[in-house]
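J.: sequence first, then the predicted structure, then my questions.
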Amino acid sequence: MMIAFPGHARASELMARLEALESGESPEATEAEDAATELAVPVVPALGESPAERDAFVLASELAGEFGDLGVEQAAPPVEEDFQYSVEEVFAEFKKGLAKVVKPEDVDTHYDLGIAYREMGLIDDALHEFAVAREGCLGKKRELDCLTMTGMLQFQKGDARAAVGTFKQAIASEHAVGEVPKALGFELAMAYEAVGEPGKALYHFQRVAGLDEKFRDVAAHVERLSATTSPVADPLPSATSRPGGAAGTGSRLPVAAPPPAAKPRKVGYV
């Protein structure tokens, strides 16, 4: 609320009470003073101002502060009136406020927002935040995190075909080491099965089982699909070369080698 409506009186009051609780103070000590302040500062409409001329999100509490010196004896409205806005309106203003304070290069904040939106079930907003975060961390480990979350959200949204491409990009990352290739390979296999390509799904389940047959329930998936289909080869993109040309540590899913590049001819060879 503070981001969507800067200076919101009621939200500021509640924030102050929370801060008092965090510091170990008792908020009850200030309740009487707060109540007196609310009654002493009445809420009156802006004179001569039509609703069309007024900002739709100027709150009653802010008007009270502007016209408090008029001395009009009027009881304060119920607290609930401060919050008579739809979720869509509040969220739209929240995003506008974020756009002003969170820069595109602030990767961690955009990533955390993506996680928060995902938890709220706002898949499209989460996808947008992960896309912005990825732009700011290309080639870094956080890019792999962004790709992984994007693929999972695409799958959750029902766009398994897009998830296939995203997971393959993630597996090709130089940062996909240790347990990561197993998890990504498993998710890739699940996405292939969702788009109706069980042969490729089996192929990737078998790859994961080759690394760790006890990983999740991969053995059961291999057994289930093997009863009705045969694996269909689906070479993965080559992993990005590591800094310094080192092979790196940690297990990776085997990837297909790229087509051999034409070698330059050397004069003198027959």
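T.: Done, it's in. Numbers count the residues shown, from 1 in each chain.
J.: wait, what's in contact with I123?
T.: Y117, L153, Q156, K157 (C-beta atoms under 8 Å, 6 or more residues apart in numbering). All C-beta atoms are positioned from the backbone trio N, CA, C, and that covers glycine.
J.: out of those residues, who's nearest V222?
T.: Nearest to V222 out of these is Q156 (C-beta to C-beta; 24.1 Å).
J.: and the end-to-end length of stretch 192-204?
T.: Length of stretch 192-204, first residue to last, C-alpha to C-alpha, to the nearest Å: 9 Å.
J.: residues of that stretch that come out buried?
T.: Y192, E193, A194, E197, P198, K200, A201, L202, Y203, H204 (16 or more other C-beta atoms under 10 Å).
J.: what's the domain layout of this structure?
T.: Following the assignment in automatic domain parsing, the chain carries domains at 9-84, 102-245.
J.: mean pLDDT lowest for which of those domains?
T.: Averaged per stretch, pLDDT over these is lowest on domain 9-84, reaching a mean of 54.
J.: other SSEs contacting the longest helix anywhere in the chain?
T.: Longest helix of the chain, by residue count under DSSP state H: helix 141-157. Contacts defined by 3 or more C-beta pairs under 8 Å, 6 or more residues apart in numbering; DSSP states H and E place helix 141-157 against helix 107-119, helix 123-135, helix 160-171, helix 180-194.
J.: L211: which of those is closest?
T.: Taking C-beta to C-beta, helix 180-194 is the member of the helices and strands packed on helix 141-157 nearest to L211, at 5.6 Å.
J.: and the closest one, what does it pack onto?
T.: Here helix 180-194 is seen to pack against helix 141-157, helix 160-171, helix 198-211, helix 218-226 when contacts are counted using 3+ C-beta pairs under 8 Å, 6+ apart.
J.: mind giving me the packing neighbours of the third one?
T.: It stands for helix 198-211. helix 180-194, helix 218-226.
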